[in-house]
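In: How does the following fold in three dimensions:
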Amino acid sequence: MNLSTRKTKFYFFSFLRHDLNASITVFFVALPLCLGISLASGAPVYSGLIAGIIGGIVISFLSGSQLSVSGPAAGLTAICVSAISDLGAIEIFFLTVAIAGVIQILLGAFKLGGFTHFIPSTVIKGMLAAIGVLLISKQVPLLIGYNKPDFWRNELFNILTFNHGFEHITSLYESISWGPIIVAATSIGLSYLWQRTLAKKVSFLPSTIIIVIAGSLSALALHYFLPSIALRTDQYVQVPSKFINEIKFPDFSSLFKDAAIWKYSVLICFVASLETLLSIEAIDKLDPFNRITPQNRELMAQGTGNLISGLIGGLPITAVIVRSSANAEAGGRTRLSSFAHGIWLLVAIFLATPLINAIPYSVLAVILFRTGYNLAKPKMIKAVYKQGREQFLPFIVTVIAILFTDLLIGVLIGVVYSIYFLVKHTYRAGFTLKEKLLDIAIISLLSWP
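Out: Coordinates of the predicted model:
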């Protein structure tokens, strides 16, 4: 038996025994996240679905990682909202995604995949925590029935500015309705009960799909039994039945007209690459076979995925730890589980659009709220604090800088402060050591017989 035949048989039997079930689990995790991240990014719903399909079908084929799953990432939502608003057109935003993909391909081709080693871990943790805070803050209006995700753009505290925040305060107050609040509360309550009772017994059903089912059924119950507080049509996901006709493509005519295109391309590339490399490093540790993912090949795979996603109207893509860990926990063994989950997403948008459109926005907000909490867990912040001021001060400076400026400037401030703090601390440590050595020498001379 030749090697290729043996390898084919291995993948085939591995798919039947392990990867098929894992792919279904990952699909249930990915579907609501693709929809929710589209909402949080201020992009059309189909953009997240396209990114999920490309992440599954294309990137898993090119990647060297056996367990990672790629798709739209919550960590890029703040950038996407800001980019779409500043660039003025979704077509120009898709152009930035495609350019970011090209830059990623070049990074991989020139073997620059190890750049994450030069960024202090506390700055990375601060970046993720700030993204979590931004993500949580953006879900609050949706939880109470406000269906305009641009209430907050990139900064958390621009609600305090006169040019953006106060013009929405009245409409926010007037949009408060009990329907979305009840649906969100029901989703949270049933999800909590599920985790405490049946989650381990029915492990193939992830909590995200339980949240979606509970929220959708409670919204349906309100529609039939309490129509006075039932959700409005615009408070549900709206995927067009013929969404292919709705897809918008990049505007290449704007390529050299606006410098912001290149700014956001570099920013998307940087954050997407950083999140990808951190994710594959984490998922490699969960691999029971101890397989190591080649970083530069992964960057080239992700860049190809982002290039294609941008060209056909999709969101930026990264390797995502939530979906990847769900894949590992569900028993995934090879790239076929990620590939198959992309197929299920593709089938769903063609055959299950009515079911997708029965999902309320407030349910997706619950899922994203939980995702943001996981990025900015108080337990993680407390752990960084316990490591001492050398770790905590750069962390908190990065968080505050991102919340008051934007992601790129905030990370740069965090890196500069970390370097300054490190140099200052090292200088003091060296001076103190020298002083102690001199004291010991003087004491020794005075005590000499």
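
In: what element comes up after the worst-scoring helix or strand of the chain on mean pLDDT heading to the C-terminus?
Out: Taking mean pLDDT, DSSP states H and E as the measure, helix 166-174 is the helix or strand of the chain with the lowest mean score, a mean of 58. Sequence-wise, the next helix or strand downstream of helix 166-174 (DSSP states H and E) is helix 178-196.

In: Over to the closest residue to residue 384 other than its chain neighbours. Which of the three states is it?
Out: Taking Cβ to Cβ, 6 or more residues apart in numbering as the measure, residue 384 lies nearest to residue 395, with 5.0 Å between them; neighbours along the chain are not counted. All C-beta spots, glycine's among them, are computed from the backbone N, C-alpha and C. For residue 395, the reduced secondary structure class is helix; criterion used: DSSP: H, G, I helix; E, B strand; the rest coil.

In: Show me the strands in the chain, by range?
Out: In the chain, the segments counted as strands under DSSP state E are 69-72, 317-320.

In: Can you check which of the ones you listed gets nearest to residue 374?
Out: Of all the strands of the chain, the one in closest proximity to residue 374, counting by Cβ to Cβ, is strand 317-320 (12.0 Å).

In: Tell me who's in contact with the nearest residue to residue 342 once chain neighbours are set aside.
Out: Counting by Cβ to Cβ, 6+ apart, residue 342 lies nearest to residue 56, which is 2.0 Å off, once chain neighbours are set aside. Remark: with contacts taken as Cβ atoms under 8 Å, 6 or more residues apart in numbering, residue 56 is in contact with 30, 69-71, 338-343, 345.

In: Please apply the same query to residue 183.
Out: When contacts are counted by Cβ under 8 Å, 6+ apart, residue 183 is found next to 215, 218-219, 222, 231, 360, 362-363.

In: distance of it from residue 343?
Out: When Cβ to Cβ, to the nearest Å is the yardstick, residue 183 and residue 343 sit 30 Å from each other.

In: What of residue 307?
Out: With distances defined as Cβ to Cβ, the gap from residue 307 to residue 343 amounts to 21 Å.

In: Which residue of those two possesses the greater neighbour count?
Out: With neighbours defined as other Cβ atoms under 10 Å, residue 307 and residue 343 compare such that residue 307 has more, 21 against 14.

In: Neighbours of residue 225, how many?
Out: By the criterion of other Cβ under 10 Å, residue 225 has 8 neighbours.

In: pLDDT value on it, please?
Out: Note for residue 225: predicted pLDDT of 92.

In: So it versus residue 219, what's the distance?
Out: According to Cβ to Cβ, residue 225 stands 11 Å off from residue 219.

In: and if you look at residue 101?
Out: Using Cβ to Cβ, one obtains 37 Å as the distance from residue 101 to residue 219.

In: Compare these two and say which one has the larger neighbour count.
Out: Shown here are residue 101 and residue 219; by other Cβ under 10 Å, residue 101 has more neighbours (27 against 24).

In: from what I can see the more buried one touches residue 315, true?
Out: No - shown here, residue 101 and residue 315 do not form a contact pair, counting by Cβ atoms under 8 Å, at 11.9 Å.

In: what touches both of those two?
Out: Jointly contacting residue 101 and residue 315 under the rule Cβ under 8 Å, 6+ apart are residue 309.

In: May I have stretch 81-91 exported as CSV, CA atoms only?
Out: Below are the C-alpha coordinates for stretch 81-91, written out as CSV (Å, rounded to 0.1, in the frame of the first residue of the first chain):
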residue,chain,number,x,y,z
VAL,A,81,-16.9,49.7,13.1
SER,A,82,-14.3,52.5,13.1
ALA,A,83,-13.1,51.6,9.5
ILE,A,84,-16.6,51.4,8.0
SER,A,85,-17.5,54.7,9.6
ASP,A,86,-14.3,56.6,8.7
LEU,A,87,-14.0,55.2,5.1
GLY,A,88,-17.6,56.0,4.4
ALA,A,89,-18.6,53.0,2.3
ILE,A,90,-18.7,49.3,2.9
GLU,A,91,-17.1,48.7,-0.5
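
In: How far off centre is it?
Out: Shown here is stretch 81-91, whose average C-alpha point lies 19 Å from the average C-alpha point of the whole chain (Cα atoms, centre = their mean, to the nearest Å).

In: Could you do stretch 112-125 as well?
Out: Between the centre of stretch 112-125 and the centre of its host chain there is 17 Å, according to Cα atoms, centre = their mean.

In: Check stretch 122-140 too.
Out: From the chain centre to the centre of stretch 122-140 is a distance of 10 Å (Cα atoms, centre = their mean).

In: now swap in stretch 76-84 and tell me
Out: With Cα atoms, centre = their mean as the basis, stretch 76-84 stands 12 Å off its chain's centre.

In: where in the stretch 301-449 of the chain is pLDDT low?
Out: Applying pLDDT under 70 to the stretch 301-449 of the chain flags residues 425-449.

In: Break down it into its helices, ranges please.
Out: Assigned helices in the stretch 301-449 of the chain, in chain order: 321-329, 336-351, 353-356, 361-375, 378-386, 389-404, 407-446 (criterion: DSSP state H, counting those that start in this stretch).

In: All set, thanks.
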